[in-house]
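Chemist: Predicted coordinates and the sequence they were generated for:
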Amino acid sequence: MPDVHRSAVVEKGAELADDVRVGAFCFVSAEAVLGPGVRLDPYASVHGRTRVGARTRLFPHACVGGEPQDKQPGTVPQALEIGCDNQIREFATIHVGTERGGGCTRIGDANLVMNNAHIAHDCQVGSHCIVTGPGGLAGHVTVEDHAVLGAFSGVHQFCRVGESAMCAGNAKLRKDAPPFAMVAGDGARVVGLNVVGLRRRGFSPETIATLKHAFHLLFRSRMRFQEATKRVREEIPDSPEVHHLLAFLEESPRGFCR
């Protein structure tokens, strides 16, 4: 049987795995599904059609599944899916998706959403990411695996943050942050390769050197983008990381930091 504190409110219809723990003064909506090992600390709340994966923990006053902060007419709240092994810290907020945005906000596995961070409606966040508060993601943002957003950073609607990108504290992203990059500043710019993040992931020195060469051609050579990408493909034909980097940049709907 789930361990539910007597002061908590769990609405009829909610699905709780047998080993779920719900602390004092928590709230769980009728449409919520809490997987095995989920833990809700005191005053945490789960609203709407929210599914929380195994071993995810909501710390005190975390609030997930709230209605979108969207004033456009016809906005219909939909769903939120949170994966396994996430930590959602104090006062963090994550909102459900909308019909207009595909219907579902998604959070992957093993992410750390720090205190006072906000993830808005229709965001798609990968796995092993860190979202630092206060700050957060506006609606429809995509964040790839292993990305890090520093304190007070903010991401504009419909922007993307690439795999293993590091967004410095106070960074303001109005365009996409390229994979493997460090970006910083108001109107963020690429300041280098995220070498520390790549080493922590176990990337080989050879792979890091290859990405450094690609970054030099793309962001420091002053060549036009089309010429730089041609040079990269000619000089680095076989790197999956470089292939992902080029595909990300070429598919960017809003443009990317340079």
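Modeler: Alright, I've got the coordinates. Residues are numbered from 1 along each chain as shown.

Chemist: Helices of the chain, start to end?
Modeler: For the chain, the helices defined by DSSP state H cover 195-201, 205-215, 225-235, 240-250.

Chemist: what would those helices look like in TSV with distance to Gly133 and mean pLDDT?
Modeler: C-beta here means a position set from N, CA and C on the backbone, and glycine is covered the same way. Formatted as TSV, the helices of the chain follow (distance: least, Cβ to Cβ, whole Å; pLDDT from 0 to 100):
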stretch	distance to Gly133	mean pLDDT
helix 195-201	20	97
helix 205-215	29	97
helix 225-235	34	95
helix 240-250	26	97
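
Chemist: So for His140, which of those sits nearest?
Modeler: Between His140 and those, the tightest spacing by Cβ to Cβ is seen for helix 240-250, at 16.8 Å.

Chemist: counting contacts, what elements does the closest one pack onto?
Modeler: Under the contact definition 3 or more Cβ pairs under 8 Å, 6 or more residues apart in numbering; DSSP states H and E, helix 240-250 sits against helix 205-215, helix 225-235.

Chemist: ok, and for the last one, which residues are buried?
Modeler: Going back to what we said before, that points to helix 225-235. 228-229, 231-232 (16 or more other Cβ atoms under 10 Å).

Chemist: same question, stretch 3-18
Modeler: 4, 8, 10, 14, 16.

Chemist: didn't Val76 look like it was pressed against Thr98?
Modeler: Yes - contact criterion Cβ atoms under 8 Å: Val76 and Thr98 qualify, at 6.3 Å.

Chemist: Report the contact partners of Arg174.
Modeler: Neighbouring residues of Arg174 by Cβ atoms under 8 Å, 6 or more residues apart in numbering: 156, 159, 187-188, 254.

Chemist: Out of the residues you listed, which comes closest to Glu67?
Modeler: Closest approach to Glu67 among the contacts of Arg174 (Cβ to Cβ): His156, at 21.3 Å.
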